[in-house]
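Undergrad: Have a look at this fold, sequence not included:
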């Protein structure tokens, strides 16, 4: 029998990691502080719909579970922008045939837990980790039970208990940052069992400093998320009555409000949640490792939180297998190699929030997107838009960020020029800067 591995956190990343490691022959146990989500009417934790794309799909295929999950996915081929007059503008995510997938976090988590258990993984719910002895790889839980392992992996989210204990160790760096915006979820309920919006798009109502988005669900509902400042003239703090909420939605989201007749009731019934970015290093201590949000929680605006966590799993397993599962070598190597990419997608996610709420309906932004699309059509191998590099490829996030900044610089230069744009000149300039020239 191979090493005994304990995974703390039965969320998306922990369940997928457990499944793959079990398939590799390890003795795997998972410990989760929550109740079994399959036996609970109320799903605890975050419920923002997720956007599954290439980086997340590849590890699911590696684990042999993608075919089980695929029927629950709803393809979204681009953004559908709603202006204040209700006019629509479509922006494709990539080339013809490229799309991302809306999926319920709860559904996906349950499918992964079930797949892990079927493979032989032991999942222990109601086990809240309270302490860890890093020297002996021993976990302690709130009920007094202990668990010793050859490897401990913390996949217990943005407020990880494993990371909290790492913060008490020497030379461990940690930071967290809350943005000024929070979020609140609302639902569009179908009539006559039909979607009330076109389902194969991510719908966005960009309004400058705030926005509403809507993602489709299999039951024909849409999960809407209002991203809105906590304080200020237009903020959660200012909407204190149902009349104020109704007036706000009537003014800024008229067409959406028509689809949510009980918007004020939902607004006050549903919680307001915050959005945090966390960074830390190193991600390991002796034979303990952090993966996913426990190592690098990000805001959800690039749709890469889950995808980057799943990619963590794939890269970690591939590296470990290539190094013959020598944990004392694997953990520091992985921790060092992946950190720069986690920092890059964190930066990209924050920037994409600004783009989604402020720029997607701006004429200059639309002109830029149209020009970029033409460049890509002319030079499909040389010019890949930043969104496609992040969403539809395996390119390291740090390299995508680097190339994206060069593309922006080139576009800024040429958009200032008068007359027709010379695509050859753009590509030559891009290639020169890409090579460090």
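TA: Happy to help now that I have it. The model shown is predicted, which means the values in this text are computed figures rather than measured ones.

Undergrad: Distance check, the spatially most central residue of the chain against residue 391.
TA: Centroid-nearest residue in the chain: residue 305, 2.1 Å away (criterion: C-alpha atoms, centre = their mean). As judged by C-beta to C-beta, to the nearest Å, residue 305 and residue 391 stand 13 Å apart. Just so you know, the C-beta spots here come from the backbone N, C-alpha and C atoms, and that holds for glycine as well.

Undergrad: can you pull the contacts of the residue nearest to the centre of the chain?
TA: By C-beta atoms under 8 Å, 6 or more residues apart in numbering, the residues touching residue 305 are 50, 293, 297-298, 349.

Undergrad: out of these, who's nearest residue 186?
TA: For the contacts of residue 305, the residue nearest residue 186 by C-beta to C-beta is residue 50; the value is 17.2 Å.

Undergrad: Which of the three states applies to residue 215?
TA: strand (DSSP: H, G, I helix; E, B strand; the rest coil).

Undergrad: Pull the contacting residues for it.
TA: Residue 215 neighbours (C-beta under 8 Å, 6+ apart): 49, 51, 76, 102, 202-203, 222-223.

Undergrad: Can you tell me which of those residues is closest to residue 240?
TA: For these, the residue nearest residue 240 by C-beta to C-beta is residue 223; the value is 24.5 Å.

Undergrad: Does residue 122 touch residue 26 like I think?
TA: No: Residue 122 is beyond contact range of residue 26, at 11.8 Å (criterion: C-beta atoms under 8 Å).

Undergrad: quick check: longest strand of the chain.
TA: strand 173-188 (DSSP state E).

Undergrad: Helices of the stretch 101-250 of the chain, residue ranges please.
TA: 105-118, 161-166, 242-252 (DSSP state H, counting those that start in this stretch).

Undergrad: Between those, which one is closest to residue 211.
TA: The closest of the helices of the stretch 101-250 of the chain to residue 211 is helix 242-252. By C-beta to C-beta, the value is 9.6 Å.

Undergrad: residues of that closest one that come out buried?
TA: Of the residues in helix 242-252, 245-246, 248-249, 252 count as buried by neighbour count, 16 or more other C-beta atoms under 10 Å.

Undergrad: just stretch 399-418 next, same as before
TA: Per 16+ other C-beta under 10 Å, stretch 399-418 contains these buried residues: 400-401, 403-404, 406-407, 410-411, 414.

Undergrad: out of residue 122 and residue 26, which sits in the busier spot?
TA: Legend: neighbour count by other C-beta atoms under 10 Å for residue 122 and residue 26, higher for residue 26 (19 against 14).

Undergrad: give the contact list for the more buried one.
TA: Going by C-beta under 8 Å, 6+ apart, residue 26 touches 2-5.

Undergrad: So it versus residue 20, what's the distance?
TA: Where residue 20 is concerned, residue 26 sits at a distance of 9 Å (C-beta to C-beta).

Undergrad: Could you give the number of residues near residue 395?
TA: 16.

Undergrad: if I pick residue 57, what's in contact with it?
TA: residue 66.

Undergrad: Then residue 204?
TA: Counting by C-beta under 8 Å, 6+ apart, residue 204 makes contact with 79-82, 211-213, 356, 360.

Undergrad: With respect to residue 193, which of those residues is nearest?
TA: residue 80 (21.7 Å).

Undergrad: The closest one is in what secondary structure piece?
TA: strand 78-82 (DSSP states H and E).

Undergrad: can you give me the mean pLDDT across that strand?
TA: For strand 78-82, mean pLDDT rounds to 94.

Undergrad: Show residues contacting the helix or strand just after it.
TA: The helix or strand immediately downstream of strand 78-82 is strand 88-92, counting by DSSP H and E. For strand 88-92, the external contacting residues (C-beta under 8 Å, 6+ apart) are 77-83, 98, 201, 360-361, 366, 369.

Undergrad: if you set the cut-off to 10 Å instead, what comes out?
TA: 77-83, 98-99, 197-198, 201-204, 255, 360-361, 365-366, 369-370, 373, 387 (C-beta atoms under 10 Å, 6 or more residues apart in numbering).

Undergrad: and the host helix or strand of residue 28 with helix 105-118, angle?
TA: Using DSSP H and E, residue 28 maps to strand 27-31. Strand 27-31 runs at 150 degrees relative to helix 105-118, counting by axes from the mean of the first three to the mean of the last three C-alpha atoms, to 10 degrees.

Undergrad: Which secondary structure elements does strand 27-31 sit against?
TA: strand 4-8, helix 12-23, helix 105-118, strand 122-124, strand 138-141, strand 151-154 (3 or more C-beta pairs under 10 Å, 6 or more residues apart in numbering; DSSP states H and E).

Undergrad: repeat that with 7 Å
TA: strand 4-8, helix 12-23, strand 122-124 (3 or more C-beta pairs under 7 Å, 6 or more residues apart in numbering; DSSP states H and E).

Undergrad: Enumerate the positions of the longest one that are buried.
TA: By 16+ other C-beta under 10 Å, the buried positions in helix 12-23 come out as 12-23.

Undergrad: In CSV: these, plus distance to residue 279 and pLDDT.
TA: Shown next, in CSV, are the buried residues of helix 12-23 (distance: C-beta to C-beta, whole Å; pLDDT from 0 to 100):
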residue, distance to residue 279, pLDDT
12, 20, 98
13, 17, 98
14, 20, 98
15, 24, 98
16, 23, 98
17, 21, 98
18, 25, 98
19, 28, 98
20, 26, 98
21, 26, 98
22, 30, 98
23, 31, 98
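
Undergrad: Return the member of these nearest to residue 60.
TA: residue 16 (7.2 Å).
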